[in-house]
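Participant: requesting a structural model of the entry that follows:
(chains A and B)
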Amino acid sequence: MNDSLFSQLSTLGSSVVLLFGITLLWRRSLRAYTGAFQWQSAVLAAMFVIIGYFGHDPELYFVAVFFGILKVFILPRYLERMEKRFGGQRESQPYVNVATSLILAGLLVLLAYAITRPLVLVSALPTRGGLPLAMGLIFVGLFVVITRKKALTQIVGFLVMENGIALLAVLGTFGIPLIVELGVFLDVLMGFLVMQVFVYHIHGTFESIDVDQLNELKH
Amino acid sequence: MTFFLLLLPPVLAALLAFLVRPYRSFVGWINALLSLVSLGAALTFAMQAIAGGEAPTWGLALDSLGLVDVLRADSLSALLMVCVTAVASLTLFLSPGLGRPVKTPHWGDLAYGEAQLRRYHIFVNLFIAAMLLAVSANNVGVMWIAVEATTVFSAFIIPLKLNKASIEASWKYILIGSVGIALAFAGTVLGYFDFVTLSGRAENALNWTVLLGIAPALHPEVMRLAFVLLLVGYGTKAGIAPMHTWKPDAYGESPAPLTALMSSALFAVAMYAILRWKVVADATLGSGSYTNNLLIALGLLSLVVAAFSVVLATNYKRMLAFSSIEHTGLMCLGFALGPLGTFAALLHLVNHTAAKSLMFFLVDNIEHKYRSPLIADTRGLLKALPWTGALFAAGLMILIGLPPGGIFVSEFALFRAGFALNHPWLMGAALALLAVVFVSFINHLNKMLYGAPSEDVNRDVPPEHLTWRIALLLISVAVLVTLGLTLPAPLAALLNQSVEIISKP
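Facilitator: Just a heads-up that it's a prediction; the model follows:
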């Protein structure tokens, strides 16, 4: 009983997390990007708690708190600040249009199902149903990074991809060892801060945060 | 304790640079001297490894934290430690802000201000500390954290001078690097996933030694997927084609001493991470054929990309970056060619570390004199900078594999291993691509060395004499030539032991 509830909850949660990732593909404003990322992180933090509860692993409560503080409060605050600064700029013309993006995202999730088949087969965890969704989210995040033109949306794409990896880790292993988890959080935070600094630099020198202006370096 | 002597000096150096504000040149000197402590520790580890016995480990016996045996120094780690610390010392002695005047108004946009020097010295030391942690970590999770940290720290100093080109380069570098390294983390998670599936959760399961112990029982299908992600991820950091696109930009725009570190030490560290995982993957899959085929495919692609880009290069820093991609490709091939090839590739790694760092230190001098990164603007190098010009020519000859340079020997050994394993077509193709690189390098070098320097050269740079800076670089060349003439016994022992670790049956 408990196991089937656990399994249903984890699959449901993973689906919601993936859906927030796909939202990025049809929303244009930077605010919508930040919102989607924030909600996605909140659901993901809740997933940590659920898996910690059913999997009897109190360590995950810690991780959920850290994760929540970092990705639901700190990072979105910085994102909002940048958005206020560059808010007039919308992701108006990504390299791939919305309809095509959504179809490609569907294909990416199918691909994720195909390549994670061995994982689902070897695992006996009740959470294994969500593994393909986590892999799908990684691909969707990667897709956003590759196809969007604004430096800011690329950052959100990268953060979504990292959420996908966090989801993969918690579903597949009930959380990686705490010390590694903390190190990863620190890296994410520092990496984000550096990228943030660069967005300001890019804006300051190119007077736009369109990365397709970054085309000086050839040969 | 030796681990502390290895890892703490760069952290202390960064702290010192952080605390002294504004930058003073004594900070640079103390940093350089501290790096010698790390070098000593690395050599101690190397000697311990050569003497044999259990590899020294360090950790906290707090089970719940997963810090048991978190650091470990076997022969392979020791080899990398020596490479990284040697280049780090050289870099810190040749860094800006140590003797060269801090402010010379005539140098225009090439002179660094005090704030920039301070930032440089903080982050270059943190960068070194992260690389050393990566090669001494036994826990593959910690290794990942350290490699990711190298991206962050180096991204702070690539745009030491803010301009369009340097910002573009560092944006590409940090974005491509972070995405790549995130994929490597997904691979690490999958490795851990398989472990957990098999034998339940364990805090030390991410320790390489533990992982290797259980590897034969892991699921091959999962490991295949994990290895692809790891190869793509760490391969991005190493600059293996097709994940190399950040490399010419970042090398072209960074301050030359940082490039020296990135092209030699950072590259070696990324390659090392791939090797560690290759050992685990091979143990799981029962043979090396899967990982070897992947490495051969990417290695050959790197050679192709490098050969054609070198022909078209117009910028000497980017030209050297393409040469890095070429050597990356060669090493990938070597690591896929059994124990003989692995030995050759490791020797090549050592040679490349010495040669490439030498080249970028020389580039630093050339940049100051000519104020242009273009090959076309750099005529008359031998007249304008006799010592640098001669060393640059010598270094380039060594780099393209002419005897008596060390690279000649390691390339020769590599090709012999390939032919011995019956890969005549592969080796033939690689040789042809190497020939293309060879010819175009000679061509570019000719343009740079001879003729009369143009009128725009920096008259404020005094005529060049044999200073201690040049003497340090002469030592580099001497090391490379020595490696071309003979293989010192301690190095041979270290290499052989490392080969044993990598190509465990």
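Participant: distance of residue A:112 relative to residue A:146?
Facilitator: 16 Å (Cβ to Cβ, to the nearest Å). Where you see a C-beta, it was placed from the backbone N, CA and C, and this is true even at glycine.
Participant: which residues sit in contact with residue B:242?
Facilitator: By Cβ atoms under 8 Å, 6 or more residues apart in numbering or on different chains, the contact set of residue B:242 is B:301, B:305.
Participant: the longest helix along chain B: which residues count as buried?
Facilitator: The helix that spans the most residues within chain B, counting by DSSP state H, is helix B:164-199. Buried residues in helix B:164-199, counted by 16 or more other Cβ atoms under 10 Å in any protein chain shown: B:164-197.
Participant: hang on, the earlier thing: residue A:112 and residue A:146 - which one has more neighbours?
Facilitator: Remark: of residue A:112 and residue A:146, residue A:112 carries more neighbours, 22 against 13, as counted by other Cβ atoms under 10 Å in any protein chain shown.
Participant: does the more buried one touch residue A:141 like I think?
Facilitator: No. Look at residue A:112 against residue A:141 with Cβ atoms under 8 Å: they stay out of range, at 11.7 Å.
Participant: the helices in chain A, which residues?
Facilitator: A:2-26, A:30-54, A:59-68, A:75-86, A:98-115, A:117-122, A:131-147, A:151-173, A:178-206.
Participant: which stretches of the stretch 1-150 of chain B have low pLDDT?
Facilitator: By pLDDT under 70, the weakly predicted segments of the stretch 1-150 of chain B are B:62-66, B:99-111.
Participant: switch to 50 and redo it
Facilitator: B:102-109 (pLDDT under 50).
Participant: hey, where'd the strands end up in it?
Facilitator: B:57-58, B:71-72 (DSSP state E, counting those that start in this stretch).
Participant: contacts for the last one, please.
Facilitator: Contacts made with strand B:71-72 from outside it, assessed by Cβ under 8 Å, 6+ apart, are listed as B:3, B:55-59, B:136-138, B:208-209.
Participant: residue A:199 against residue A:211, yeah?
Facilitator: No. Using Cβ under 8 Å as the test, residue A:199 is too far from residue A:211 to be in contact (10.1 Å).
Participant: what sits in contact with each of the two?
Facilitator: With Cβ under 8 Å, 6+ apart as the test, residue A:199 and residue A:211 both reach residue A:151.
Participant: number of residues surrounding residue A:106?
Facilitator: 12.
Participant: can you give me the distance of it to chain B?
Facilitator: 21 Å (Cβ to the nearest Cβ, to the nearest Å).
Participant: could you do residue A:79 as well?
Facilitator: Distance from residue A:79 to chain B, by Cβ to the nearest Cβ: 16 Å.
Participant: what's the nearest residue to that residue if we skip its chain neighbours?
Facilitator: residue A:34 (4.4 Å; Cβ to Cβ, 6 or more residues apart in numbering or on different chains).
Participant: and residue B:436, by the same measure?
Facilitator: residue B:307 (4.2 Å).
Participant: ok, the one you found touching residue B:439?
Facilitator: No. The criterion here is Cβ under 8 Å, and residue B:307 misses it with residue B:439 at 9.9 Å.
Participant: ok, those two, which is more surrounded?
Facilitator: Under the criterion of other Cβ under 10 Å, the comparison of residue B:307 against residue B:439 puts residue B:307 first, with 23 against 14.
Participant: which SSE is immediately downstream of the helix or strand harbouring that one?
Facilitator: If you go by DSSP states H and E, residue B:307 is part of helix B:289-312. On the C-terminal side of helix B:289-312, the closest following helix or strand by DSSP H and E is helix B:316-335.
Participant: what helices or strands is that next one leaning on?
Facilitator: helix B:246-253, helix B:267-285, helix B:289-312, helix B:338-370, helix B:406-420, helix B:424-449 (3 or more Cβ pairs under 8 Å, 6 or more residues apart in numbering or on different chains; DSSP states H and E).
Participant: and the end-to-end length of stretch A:166-181?
Facilitator: For stretch A:166-181, the first-to-last residue distance is 9 Å (Cα to Cα, to the nearest Å).
Participant: touching chain B at all, that stretch?
Facilitator: Yes. Using Cβ under 8 Å from any Cβ of the partner chain, stretch A:166-181 comes into contact with chain B via A:168-169, A:172-174, A:176-180.
Participant: name the nearest of those relative to residue A:119.
Facilitator: The closest of the residues of stretch A:166-181 next to chain B to residue A:119 turns out to be residue A:172 (Cβ to Cβ; 6.9 Å).
Participant: contact partners for that closest one?
Facilitator: A:119, A:123, A:125, A:127-128, A:131, A:134, B:189-190, B:193, B:196.
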